[in-house]
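Participant: Here is the input, now give the coordinates:
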Amino acid sequence: MIETHSRARPFLQSRARRAALAVTAGLLLAPAAPRAAETLELAAGIHRIEAEVANTFEGRATGLMHRSAMAAGRGMLFVFPDVAVHCMWMRNTLIPLSVAFLDEGGRIINIEDMQAQTETNHCARRPARYALEMNLGWFRQRGVKAGAAIAGMDRAPPPR
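Facilitator: As a prediction, this is how the structure comes out:
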């Protein structure tokens, strides 16, 4: 019995060592935690906006997908690599949103309301550099309309 026990002990130590190595290797090989999104303070008249910035392909492709809520005064600014007629849709987006398409100077071209989890295209009426998504009705409730300037756009990071 002592002999069996003495043989089992190195096996258990070896097994525990292998498990520890596997955990360590898993931590080293695991993908890095997502980086916190950069935010930018903007304003529509007297109304402050804290906008997450989506200036990478991945950020623009994901947008606000899979989120169940967004705080009042929060939004997402999409920075496009080119000035074009950009369109947005709501696949996998759980909250209804309003999107303002902006020109290079930060003036609103048009605002579109978008319903959650739909694939309807909502497009800029003319070439846009940016899109700003806010909770549904945010612009209308504050009297912000096409032609209004969004302050702070000069601090928007370039597209990557």
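Participant: make it CA atoms for all contacts and neighbour counts henceforth
Facilitator: Fine.
Participant: What values do phi and psi take at the residue nearest to residue 94 when sequence neighbours are not counted?
Facilitator: What sits nearest to residue 94 in space, not counting adjacent residues and going by CA to CA, 6 or more residues apart in numbering, is residue 116, at 5.1 Å. Phi and psi for residue 116, reported as degrees, to the nearest 10, are phi -60, psi 150.
Participant: Verify the stated contact: residue 116 with residue 89.
Facilitator: No: Residue 116 is beyond contact range of residue 89, at 9.0 Å (criterion: CA atoms under 8 Å).
Participant: residue ranges for the strands of this protein, please.
Facilitator: Using DSSP state E, the strands found in the chain span residues 39-44, 47-54, 74-84, 87-88, 97-102, 108-114, 122-123, 128-135, 150-151.
Participant: between the third one and strand 39-44, how big is the angle?
Facilitator: Right, the one you point to is strand 74-84. In terms of direction (axes from the mean of the first three to the mean of the last three CA atoms, to 10 degrees), strand 74-84 departs from strand 39-44 by 90 degrees.
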